[in-house]
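Peer 1: I would like to see how this sequence folds:
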Amino acid sequence: GACSNGGGSKDAEEEEEDERSGALMRLLVSAFDRREELAELLCLADVPEETVAAAHCVAKSAVKLRRREAPGSAAATVDCGGGGGGTCGGAAVDVGDATDLLLRLFCNTHSLEDGGMGIYAQASAINHDCDPNCTFFAAPSTPSSGSSSSSSVPGEALTVRSLREIQPGEELTIGYVPLRLPRAHRAEQLRRNYGFRCACRRCLAEEAEEDADDCAAGEKALVALSAKLRAVIARGDASAEPSPLSKLLAQAKLLAHFNDVIAGQIAVDAAEAFVQVGRLNEAALAYHQVLARARALPFASVAPHRASVGLALAELLLRMATHPASSDDEARVALGRAATEAREAHAALALCRGEDHETTRRAAVLLQRAASLGNARKEAKLLGKLLERQAGRASAGAAGESAGGTACPPAEPGPER
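Peer 2: Sure thing, here's the model as predicted:
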């Protein structure tokens, strides 16, 4: 990506690769002074020539960047050719060393949820599987007991958590690439970035069942649907009746098995567009479409994705439950479903992120809000019934007094004896 001079638009994967290249370049610059230590610590994978060429290109840019950061250095001039060299900030650097270091980082860094990257020596020893028994995430580190600093650095601490029960002697595995991608995409990323062909049980099973031509055609159709959906949203047609988004959603649902990531993004984009025009029911159906697909996947590694969509749906359902236009029955159903989605999301996040993670706490807040609204609704209903009974008794009492005054008039006095 760093050496590309071509024009034209980029798809999501190309943009992701560019972001990864940029993050790697920044990480490379910061790691220059520790390259000897890292060279001993991190293995070098047998990546293809195209990856080596791309790494060389990024390394050249990193060396130039390092030179600019130390303009006062007496030997800051760096030859960015294939064999040139120089010193930056007192440390000798050449593009060859930088390329070697970058390739080691490339194969051993962990991409984090916030878009950053980090080097974790122990975690880099964990092998890949497309249906792993563990997951990982970065979170703010906890200062040690002897530390005087009260600040924490996001992304400093990496946590690895098990997704299921692991037997004694069983190897721990994580996912090196996004695991919702189709097998062909996962295989290409693993080949290009890590230099190996995945032969896990999931890959072998999916490869035996897939038809390459059908997969390519289905994915092409999904890309076209995504472009149509963006055009509809840009025109402001989400509020049309019937909405063209509903038709596109139905088509994406039929094609979702070809590329779950593209189909899911279509549904999420449609849901957000529906929310913008106040069509909350259609938005909820769109989120439900993504969630149903995620629940159908028999892989524990999709739990964070499933929980994320479930939280979005729970928030929307709570909004529907409190909307003035919602009927009593609609509010009751929306509130019950919101509590269910928040509860399931909380359970999934507690498993794969832990109780103290930010998203787990968010799910707990939503669950508590749903419970509070449910209790308030029950109390309001009971109060309404009580007031209705009291009004009925008061009405009956008033009717009785009126009837007694008519049936029993005062008796006229009789003659005196």
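
Peer 1: would you map the helices across the stretch 201-350 of the chain?
Peer 2: 201-209, 212-235, 244-255, 260-276, 280-296, 303-321, 328-352 (DSSP state H, counting those that start in this stretch).

Peer 1: I'd like the ones you listed as a markdown table, with mean neighbour count and distance to Cys134 appended.
Peer 2: Every C-beta, even on glycine, is put in place using the N, C-alpha and C of the backbone. Converted to a markdown table, these look like this (neighbours: other C-beta atoms under 10 Å; distance: least, C-beta to C-beta, whole Å):
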| stretch | mean neighbour count | distance to Cys134 |
| --- | --- | --- |
| helix 201-209 | 13 | 15 |
| helix 212-235 | 15 | 28 |
| helix 244-255 | 18 | 31 |
| helix 260-276 | 22 | 21 |
| helix 280-296 | 20 | 19 |
| helix 303-321 | 22 | 12 |
| helix 328-352 | 20 | 9 |
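
Peer 1: so which of those helices gets nearest Met25?
Peer 2: Met25 sits nearest to helix 260-276 of all those, at 25.8 Å, using C-beta to C-beta.

Peer 1: can I get that closest one in PDB? Just the C-alpha atoms.
Peer 2: Provided in PDB are the C-alpha atoms of helix 260-276 (Å, rounded to 0.1, in the frame of the first residue of the first chain):
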ATOM      1  CA  ASP A 260     -21.200 -12.800   6.000                       C
ATOM      2  CA  VAL A 261     -19.100  -9.600   6.600                       C
ATOM      3  CA  ILE A 262     -20.500  -7.800   3.500                       C
ATOM      4  CA  ALA A 263     -24.100  -9.000   4.100                       C
ATOM      5  CA  GLY A 264     -23.900  -8.000   7.800                       C
ATOM      6  CA  GLN A 265     -22.600  -4.500   6.900                       C
ATOM      7  CA  ILE A 266     -25.500  -4.000   4.500                       C
ATOM      8  CA  ALA A 267     -28.000  -4.800   7.200                       C
ATOM      9  CA  VAL A 268     -26.300  -2.600   9.800                       C
ATOM     10  CA  ASP A 269     -26.100   0.300   7.300                       C
ATOM     11  CA  ALA A 270     -29.800  -0.200   6.500                       C
ATOM     12  CA  ALA A 271     -30.700  -0.300  10.200                       C
ATOM     13  CA  GLU A 272     -28.900   3.000  10.900                       C
ATOM     14  CA  ALA A 273     -30.600   4.600   7.900                       C
ATOM     15  CA  PHE A 274     -34.000   3.500   9.100                       C
ATOM     16  CA  VAL A 275     -33.200   4.900  12.600                       C
ATOM     17  CA  GLN A 276     -32.400   8.300  11.000                       C
END
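
Peer 1: what helices or strands is it leaning on?
Peer 2: Applying 3 or more C-beta pairs under 8 Å, 6 or more residues apart in numbering; DSSP states H and E, we find helix 260-276 packed against helix 212-235, helix 244-255, helix 280-296, helix 303-321.

Peer 1: that helix vs helix 303-321, what angle?
Peer 2: 20 degrees (axes from the mean of the first three to the mean of the last three C-alpha atoms, to 10 degrees).

Peer 1: what lies in contact with helix 260-276?
Peer 2: Contacts with helix 260-276, where a contact means C-beta atoms under 8 Å, 6 or more residues apart in numbering, come from 12, 178, 180-182, 219, 222-223, 225-226, 229-230, 232-233, 238, 243, 245, 248-249, 252-253, 255-256, 280, 282-284, 286-287, 289-290, 293-294, 297, 305, 309, 312, 316.

Peer 1: ok, 7 Å please
Peer 2: Outside of helix 260-276, the residues within contact range by C-beta atoms under 7 Å, 6 or more residues apart in numbering are 180-181, 222-223, 225-226, 229, 233, 238, 245, 248-249, 252, 255-256, 282-283, 286-287, 289-290, 293, 316.

Peer 1: that helix: how far from the chain's middle?
Peer 2: 13 Å (C-alpha atoms, centre = their mean, to the nearest Å).

Peer 1: mind listing what Glu207 touches?
Peer 2: Arg183.

Peer 1: show me where the stretch 1-150 of the chain has helices.
Peer 2: Ranges of helices in the stretch 1-150 of the chain, per DSSP H, counting those that start in this stretch, are 12-31, 35-41, 49-69, 95-108.

Peer 1: please work out which of those is packed deepest.
Peer 2: Mean neighbours per residue, mean count of other C-beta atoms under 10 Å, is largest over those for helix 95-108, with a mean of 22.

Peer 1: how about Ala364: what's its closest non-neighbour residue?
Peer 2: In this structure, Ala364 finds its nearest non-sequential neighbour in His346, 5.7 Å apart by C-beta to C-beta, 6 or more residues apart in numbering.

Peer 1: would you agree that neighbour is in contact with Leu367?
Peer 2: Yes. At 5.6 Å, His346 counts as touching Leu367 under the criterion of C-beta atoms under 7 Å.

Peer 1: quick check: end-to-end length of stretch 319-337?
Peer 2: Start-to-end span of stretch 319-337 (C-alpha to C-alpha, to the nearest Å) is 12 Å.

Peer 1: how about residues contacting that stretch?
Peer 2: Contacts for stretch 319-337 (C-beta under 7 Å, 6+ apart): 280, 284, 317, 338, 370, 373-374, 377.

Peer 1: again, only using 10 Å
Peer 2: 275, 278, 280-281, 283-284, 288, 313-314, 316-318, 338-339, 370-371, 373-374, 376-377, 381 (C-beta atoms under 10 Å, 6 or more residues apart in numbering).

Peer 1: from Leu225, how far out is the closest residue in space to Phe258 that isn't next to it in sequence?
Peer 2: Leaving aside its chain neighbours, Phe258 sits nearest to Gly218 (3.0 Å; criterion: C-beta to C-beta, 6+ apart). In this view, Gly218 and Leu225 are 11 Å apart by C-beta to C-beta, to the nearest Å.

Peer 1: who touches both of the two?
Peer 2: Common neighbours of Gly218 and Leu225 (C-beta under 10 Å, 6+ apart) are 255, 262-263.

Peer 1: so can I have TSV of those residues showing distance to Asp356 and pLDDT?
Peer 2: Putting the shared contacts of Gly218 and Leu225 into TSV (distance: C-beta to C-beta, whole Å; pLDDT from 0 to 100) gives the following:
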residue	distance to Asp356	pLDDT
Leu255	39	93
Ile262	34	93
Ala263	33	93
